[in-house]
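**Q** Provide a 3D model corresponding to the input given below.
(chains A and B)
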Amino acid sequence: MITEKTITDFIYREADLLDTMQWQAWLDLFHPEGRYWMPLEWQQQDPVLQPSLMYEDLLLLKVRVERLAGERTFSQKPKSRCHHLLQAPQIVACDPAAGMFKARTSYIYTETRGDVLERFSGWASHDFVQVGDGLKIKLKRVDLVNFDAPFGNIQLFM
Amino acid sequence: MDRYRNNAFAIDALVRDTEVHRDVYVDPEIFELEMEHLFPNSWIYIGHASQLAKPGDFITANIGRQPVLASRHTDGSIHAFYNRCPHKGVKIASEACGNTGKFFRCPYHAWSFKTDGSLLAIPLKKGYEGTGFGNAQANEGLSRIRNVVVHRDFIFAQLNDNGVSFEDYFGESLSTIDNMVDRSPEGKLAVVAAPIRYMHTCNWKMLVENQTDTCHPMVAHESSAGTAVKVWKREQSDSTETPMAVQLYGPFMSPYEFYEQSGIRIWPNGHGHTGVANSIHSNYSDIEGYLGQMVAAYGETRAHEILGEVRHNTVYFPNIMVKGAVQILRNFIPIAVDKTLVESWVYRLVGAPDKLYERALMYNRFINAPTSIVGHDDLEMYERAQEGLKSNGNQWVNLQRLYEAGEQADVTAVINGTSERQMRNQFHAWAKFMTLDMDKRVEAAE
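**A** Below you'll find the predicted structure:
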């Protein structure tokens, strides 16, 4: 039975997998049709015909993960690290009958590489599907509070 | 301590036939002189007319260090000004774009200006009676930029009133912009969204040079494009169709021979483009219905001629790059000697299928975004160059590849696609426009 706690635990675990760089385990959280989306507009509706910072399917996420370990991935010498500080997720929907599981989590994300430390604030919206007894990510949407700022490299996952 | 100010000879000496001195990338004084001379002497892209659709619409930009403003007047004409109130110098418009209504109003003392820049009203006007205000520059309203040219909706401005004319400056190079516009069945482009912005901690010229550097993709982008190709080969299973994403990443891994044959064309004044015979944009799959629209609009022959131009990157000296085949313009905006703001704009082809806009947006976020793995590869190299150039071991950057003795400057030519001649072409223009309005007293005395 999927409960609100299942959703909350999932979101904390996801952040932990990212912070501990367990990339493959993180990819396994996604449904095969899952998407990772970082909009470039306020309350953006369309990831396809409006510009985004990222809108990636599992193939593209695998490319990113594989790249992080590549021998000739020069932008990862030295490697980046990250840290998520999450507020308690707000459950938007937890309706097993309708198959609707959604949450929104406010958080601060830190990415560091070499001597540089960058901090981002935003909200993650998770859309889940039930697979077996558990959940998989259908859509992870990351809305940064300053999506329109000129950032330097963002190399890991929020 | 000034070494280069008012010293055209010292600046010229930074550019040799096959080398440039590191000071062009790392010296703060050279950067200041670029802001004071190079940018005002050049024709600079400030925006697209579709961003000024209605009267009162405005956009802001910088030319060198100087804030500028362009607006659509009530009669439909486009005007450009220095973005400062003639009273106390306050910036009139603070946002990237917007609509000011019937007039601009300074937020400090409420001086107001028509959208053609002329002075509309000053509160307590009586206070200026008998003061000779009629003869003051402030009475003329917003200071006008005289040299503004709108070429097929691309707005360019030149601050120096004694510089090179628009036609002489760009010449045949405008063919890339023309081709990009012609790719719309209605001959029209539209900006419908904000650009992707990406801050680079490196000198702006490193980005410009990289646009026609064809010897780096297969090396620097092995990590991104190479991995994309590898993962796709492994994961494609029984798929018969190459996803758009793989079509966009894949060609970056083309071998040297591909780039050699695709060719580079150079034009006078530092402009030039890669992808003469073919390019990494050559083999994207057709978008359903598009060719039919183009043939209906232009006829069979012309439609194929337009779509047959698949130029890769066109550099418009000094600081924009246009990618006609995917409707992208990158603006390399200098902030400091080691800091550059990159704004990557996507234009929508008016009347064309949505799929083309989708592809252009996808290309932009795959290649030009701060979240782009291809972008990470490039920025890493620029940052390492910015660091490495501090080395005293060798103070010269080598641009010698495929150099031939007696190479002519300011000519049109098509050359081997792996040549560094377009970079030499840019630096010839760099020295020319840096020193164009400098006092050459020493020369005159000879």
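**Q** tell me the mean pLDDT over the longest strand seen in chain A?
**A** Counting residues, the longest strand in chain A under DSSP state E turns out to be strand A:116-131. Here strand A:116-131 scores 98 as its mean pLDDT.
**Q** tell me the angle of whichever helix or strand comes after that strand relative to strand A:116-131?
**A** Note on strand A:116-131: by DSSP states H and E, the next helix or strand toward the C-terminus is strand A:134-144. Strand A:134-144 and strand A:116-131 meet at an angle of 140 degrees, taking axes from the mean of the first three to the mean of the last three CA atoms, to 10 degrees as the criterion.
**Q** Remind me what the longest strand of chain A packs against, helices and strands.
**A** Applying 3 or more CB pairs under 8 Å, 6 or more residues apart in numbering or on different chains; DSSP states H and E, one finds that strand A:116-131 makes contact with helix A:4-19, strand A:100-113, strand A:134-144. Bear in mind the C-beta positions are built from the backbone N, C-alpha and C, glycine included.
**Q** Redo the ones you listed as CSV? Include mean neighbour count.
**A** Formatted as CSV, the entries for those read as follows, by neighbours: other CB atoms under 10 Å in any protein chain shown:
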stretch, mean neighbour count
helix A:4-19, 17
strand A:100-113, 18
strand A:134-144, 19
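**Q** Would you convert these into a markdown table that also reports mean pLDDT?
**A** Shown next, in a markdown table, are the helices and strands packed on strand A:116-131 (pLDDT from 0 to 100):
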| stretch | mean pLDDT |
| --- | --- |
| helix A:4-19 | 98 |
| strand A:100-113 | 98 |
| strand A:134-144 | 98 |
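**Q** Chain B contacts on chain A?
**A** A:38, A:40-41, A:48-55, A:57, A:59-60, A:62-64, A:66-67, A:70, A:72-76, A:148-155 (CB under 8 Å from any CB of the partner chain).
**Q** Give me the buried entries from those residues.
**A** Those of the residues of chain A next to chain B that meet the buried threshold are A:38, A:40, A:50-55, A:60, A:62-64, A:66-67, A:73-76, A:150-155, by 16 or more other CB atoms under 10 Å in any protein chain shown.
**Q** Who is residue 82 paired with across the strands?
**A** All of this is about chain A. Under DSSP bridges, the beta-bridge partners of A:Cys82 are A:Glu111.
**Q** meant chain B, my bad for not saying
**A** Under DSSP bridges, the beta-bridge partners of B:Tyr82 are B:Val68.
**Q** Check the gap between it and B:Met253 for me.
**A** The span separating B:Tyr82 from B:Met253 equals 46 Å under the rule CB to CB, to the nearest Å.
**Q** just to revisit the earlier point, restricted to helices, list the buried ones among the residues of chain A next to chain B.
**A** When DSSP state H is applied, those are split such that A:60, A:62-64, A:66-67 fall in helices.
**Q** Give me the phi and psi angles of A:His31.
**A** In terms of degrees, to the nearest 10, the main-chain angles of A:His31 are phi -70, psi 150.
**Q** Then the one 10 residues further on?
**A** Reported as degrees, to the nearest 10, the phi and psi values for A:Glu41 are phi -130, psi 150.
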